[in-house]
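Student: dropping a prediction and its sequence here:
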Amino acid sequence: MGIVCDPYKTMAGPKPKLLFLIVILSLSASVGARPFVLILSQEDYKDDPPADPDSPAEWDEFAHGDAHKSEEDLDPGSWRPIFEPPAGDPQPLPESDAAYYSAVHKLMSGEPALIQDAGEEIAGLAVSGHPAAQSVLGFLWEMGLFRERSKGKAFLYHHFAAEGGNMQSKMALAYSYTRQDMLEKGVKLYGELAEVAVNSFLISKESPVIEAVRLHNGAEENKEALGKSKGEEDEDFQILEYQAQKGNAAAMYKVGLFYYFGLRGLRRDHSKALWWFLKAVEKGEPRSMELLGEIYARGAGVERNYTKALEWLTLASRHHLYSAYNGMGYLYVKGYGVDQKNYTKAKEYFEKAADNDEVGGHYNLGVMYLKGIGVKRDVKLACKFFVLAANHGQPKAFYQLAKIFHTGLGFKKNIPLATALYKLVAERGPWSSLSRWALESYLKGDIGKAFMLYSRMAEMGYEVAQSNAAWILDKYGERSMCMGESGFCTDAERHQRAHSLWWQASEQGNEHAALLIGDAYYYGRGTARDYERAAEAYMHAKSQSNAQAMFNLGYMHEHGQGLPFDLHLAKRYYDEALDHDPAAKLPVTLALSSLWVRKNYADSFVVQVIDSLPELYPKLEAWVENVLLEEGNATILTLFVCLLTVLYLRERQRRQAAVAAGEVAQPNHPNELGVPAAPI
């Protein structure tokens, strides 16, 4: 997805025009997702946008009220106390909250009896008006866990929970509205969620993107990605920690960074992060100074202290860490840790950051010009700065551009684009921690807990979680701990759930998911067999340049299944598959040979053998990938080719015998498909 923005209106006479291109990639790294460019011409731009009476000239890109709220405040009812319990003695909870977390503990236990008890307890709390319990009950109705699956009841409870301020239910509702093309409602919720997400970002530098790890790569486990996410058990991390313990300042900083953000599969621990950053500073590591400024500004693991935050950020800036200027400018523009607000000084700091190619500086200057804070308001110039920041992946810039296209400030409204941008930002909110906990559970072998967590995220619209949950169902079967209406899921319930999850992932650009949906309809797995819908799904995967889908479409044209019988179109798809994936050479060569035989000997015994192959290999994709494309199967392939050759020679011998007996042989038509005949 991308934007071309012209920040200067066309005046009389030729003027030089500057075009700014944003290539906005999905932060969730969808398989097969490809960027596209949306060009905004001068006609899309409004001249002299009116002032917004509801938008005072103050720095309010964060949530209203005090900035840098704790993640518990930003994401009420989060499961964080279960997966990241606070250090020391926990604070006593209100009775209803204690009962809620006790029920969630049972829900994650993997014991059917406890899970059933948890559902009943959560239902009781939901009836009493507990928003977090209402949100979880909506999730249970959506899953059909020990109850009949009901999207209507799920929607109802999520609505109540969202009204009570539950952010995860707002995510579920926003995704539901968007899927139903109710974009006016969806964009409003995603806008609220994106604002909360922005409030959790760093003030000085860009928050690192903690990518949700995809458990699978096609049909196989993604061992390379999983190997980098083993946390404290990872050998590379153990070496790094050893170096830090031996006094290596850079290693100390990296270990602190991993603990602060929960990177590389580590459980987030602000206390450990603070300890390592302080040790690194003692060794002269300046990058730790900037993070210490963030820690004190946010009050992460320590009491919030803006004065100390400014001191640490100032020290970092003296070591040419230009992103620290952003934090300093922010403190001056808000009046935190300083005598009073000073917009002039704030602008100077933001300009220093921008002059040194620090993207946060471009973003902050954009906010100043958008709001008219210490400068003359200029929406066009603000757009220019936001585009520059967005070009470098700054999520705050995505948020501001989304607001511009949502409200029509300076540009004509573009609700679909605003929704997409808000969603990108919203998916980086505090609730994205579910992904880290799910991965941690999976790596520990707790497949049921991982499935439950990924399912929760899937309902909230995370494509990676949708495909991960579906893959767990397909890969692990009963080990997935899938719970249905009356206990463990039946095979039919598992197939139906996997089918639904793959379908949602395919809607968001996952080409592998679209391929599996096609397989489900083609073979009737989890749904009624429907060749036409299978062809539609394969077409969707093919549109994302998936070679396997092209091969399958060729096969369906060759056999007239869901698509018109057309050998020429079949050849075209087989050729496209080879063009997009050289590894498809062997299956495509065999398929083209099959077409030649079918064209020249339509009613022969060889064609009957070829047509019987899918019965011997029920899953075409598995046959192509696991037999023909698998390394080490050259012998099987050779035997297969030899078998076809023997069958062909026997058929030819039979025909020659028939001719000798006085029968009229069928004419040998020219090879219209362009496949050279094998010499006999």
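Tutor: Arrived safely, thanks for sending. Residues are numbered from 1 along each chain as shown.

Student: so who does residue 507 touch?
Tutor: Applying C-beta atoms under 8 Å, 6 or more residues apart in numbering to residue 507 gives the contacts residue 179. (C-beta placed from N, C-alpha, C; glycine too.)

Student: tally up the residues packed near residue 568, please.
Tutor: Look at residue 568: counted by other C-beta atoms under 10 Å, it has 12 neighbours.

Student: no wait, residue 477
Tutor: By other C-beta under 10 Å, 12 other residues sit near residue 477.

Student: and residue 355, by the same measure?
Tutor: Neighbour count for residue 355, taken as other C-beta under 10 Å: 11.

Student: would you agree it is in contact with residue 361?
Tutor: Yes - Residue 355 is in contact with residue 361 according to C-beta atoms under 8 Å; the separation is 7.4 Å.

Student: show me what residue 484 is bridged to.
Tutor: residue 487 (DSSP bridges).

Student: so which helix or strand of the chain has the lowest pLDDT on average?
Tutor: strand 20-23 (a mean of 44; mean pLDDT, DSSP states H and E).

Student: break the chain into its domains for me.
Tutor: Using the TED database, the domains assigned to the chain come out as 74-81+94-200, 216-430.

Student: among those domains, which gets the worst mean confidence?
Tutor: Among the domains of the chain, domain 216-430 has the lowest mean pLDDT, at a mean of 88.

Student: now do the same end-to-end measure for it.
Tutor: 24 Å (C-alpha to C-alpha, to the nearest Å).

Student: does residue 119 touch residue 144 like I think?
Tutor: No - under the criterion of C-beta under 8 Å, residue 119 is not in contact with residue 144, lying 11.1 Å apart.

Student: quick check: phi and psi at the closest residue to residue 247 other than its chain neighbours.
Tutor: Nearest residue to residue 247, sequence neighbours excluded (C-beta to C-beta, 6 or more residues apart in numbering): residue 283, at 6.6 Å. Torsion angles at residue 283 (phi, psi; degrees, to the nearest 10) stand at phi -90, psi 0.

Student: and residue 283, how close does it get to residue 498?
Tutor: Distance check for residue 283 against residue 498: by C-beta to C-beta, to the nearest Å, it reads 51 Å.

Student: which one's more surrounded, the two?
Tutor: Between residue 283 and residue 498, counted using other C-beta under 10 Å, residue 498 has the larger neighbour count: 23 against 15.

Student: spatially nearest residue to that one (excluding sequence neighbours)?
Tutor: Spatial nearest neighbour of residue 498, chain neighbours left out: residue 473 (4.2 Å); criterion: C-beta to C-beta, 6+ apart.

Student: in contact with the one you found, which residues?
Tutor: By C-beta under 8 Å, 6+ apart, the contact set of residue 473 is 451, 480, 482, 494, 497-498, 501.

Student: residue 195 is in contact with residue 167, correct?
Tutor: No - counting by C-beta under 8 Å, residue 195 is not a contact partner of residue 167; they are 10.8 Å apart.

Student: out of the contacts of residue 473, which is most surrounded?
Tutor: residue 451 (28 neighbours).

Student: hang on, that residue packs against residue 470?
Tutor: No - checked against C-beta under 8 Å, the pair residue 451 and residue 470 is beyond contact range at 9.9 Å.

Student: now residue 292: how far from residue 275?
Tutor: Between residue 292 and residue 275 the computed distance is 11 Å (C-beta to C-beta).

Student: neighbour count winner among the two?
Tutor: Of the pair residue 292 and residue 275, residue 292 is the one with more neighbours under other C-beta under 10 Å, namely 25 against 16.

Student: I'd assumed that one was in a helix, is it?
Tutor: Yes - secondary structure assignment places residue 292 in a helix (DSSP: H, G, I helix; E, B strand; the rest coil).

Student: show me the contacts for the residue nearest to it when sequence neighbours are not counted.
Tutor: Spatial nearest neighbour of residue 292, chain neighbours left out: residue 312 (4.3 Å); criterion: C-beta to C-beta, 6+ apart. Shown in contact with residue 312 (C-beta under 8 Å, 6+ apart): 289-290, 292-293, 296.

Student: repeat that for residue 310.
Tutor: Residue 310 touches 293, 328, 331, 336-338, counting by C-beta under 8 Å, 6+ apart.

Student: same question for residue 307.
Tutor: The neighbours of residue 307, taking C-beta under 8 Å, 6+ apart as the test, are residue 337.

Student: related to what we said a few turns ago, closest one to residue 567 among the domains of the chain?
Tutor: domain 216-430 (29.0 Å; C-beta to C-beta).

Student: pretty sure residue 482 sits against residue 492.
Tutor: No - at 11.5 Å, residue 482 does not count as touching residue 492 under the criterion of C-beta under 8 Å.

Student: so which of residue 167 and residue 195 has more stuff around it?
Tutor: More crowded of residue 167 and residue 195, by other C-beta under 10 Å: residue 167, with 26 against 20.

Student: tell me who's in contact with the more buried one.
Tutor: Contacts for residue 167 (C-beta under 8 Å, 6+ apart) come out as 74-76, 193, 196, 429-431.

Student: and it, how close does it get to residue 96?
Tutor: 18 Å.

Student: and if you look at residue 600?
Tutor: Counting by C-beta to C-beta, the gap from residue 600 to residue 96 is 77 Å.

Student: what do you get for residue 473?
Tutor: Distance, residue 473 to residue 96, using C-beta to C-beta: 33 Å.

Student: repeat that for residue 425.
Tutor: 32 Å.

Student: quick revisit: quick one: which of the contacts of residue 167 has the most company?
Tutor: Result: residue 431 is most packed of these (other C-beta under 10 Å), 29 neighbours.

Student: is it correct that it is in contact with residue 77?
Tutor: No - under the criterion of C-beta under 8 Å, residue 431 makes no contact with residue 77, lying 9.9 Å away.

Student: and for those two, which residues touch both?
Tutor: residue 168.

Student: which residue, other than its chain neighbours, is closest to residue 535?
Tutor: residue 562 (4.2 Å).

Student: dump the domains of the chain into TSV; add distance to residue 523 as well.
Tutor: Below are these laid out as TSV (distance: least, C-beta to C-beta, whole Å):
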stretch	distance to residue 523
domain 74-81+94-200	23
domain 216-430	14
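
Student: closest one to residue 576 among these?
Tutor: Smallest distance to residue 576 across the domains of the chain (C-beta to C-beta): 19.0 Å, for domain 216-430.

Student: mind checking how far that closest one is from the chain centre?
Tutor: Relative to the chain's own centre, domain 216-430 is displaced by 21 Å; criterion: C-alpha atoms, centre = their mean, to the nearest Å.

Student: packing partners for the helix or strand where residue 424 lies?
Tutor: Assigned by DSSP states H and E, residue 424 belongs to helix 415-426. Counting contacts by 3 or more C-beta pairs under 8 Å, 6 or more residues apart in numbering; DSSP states H and E, helix 415-426 is packed against helix 167-179, helix 183-199, helix 395-407.

Student: nearest to residue 585, out of those?
Tutor: Taking C-beta to C-beta, helix 167-179 is the member of those nearest to residue 585, at 39.2 Å.

Student: perfect, I'm done here.
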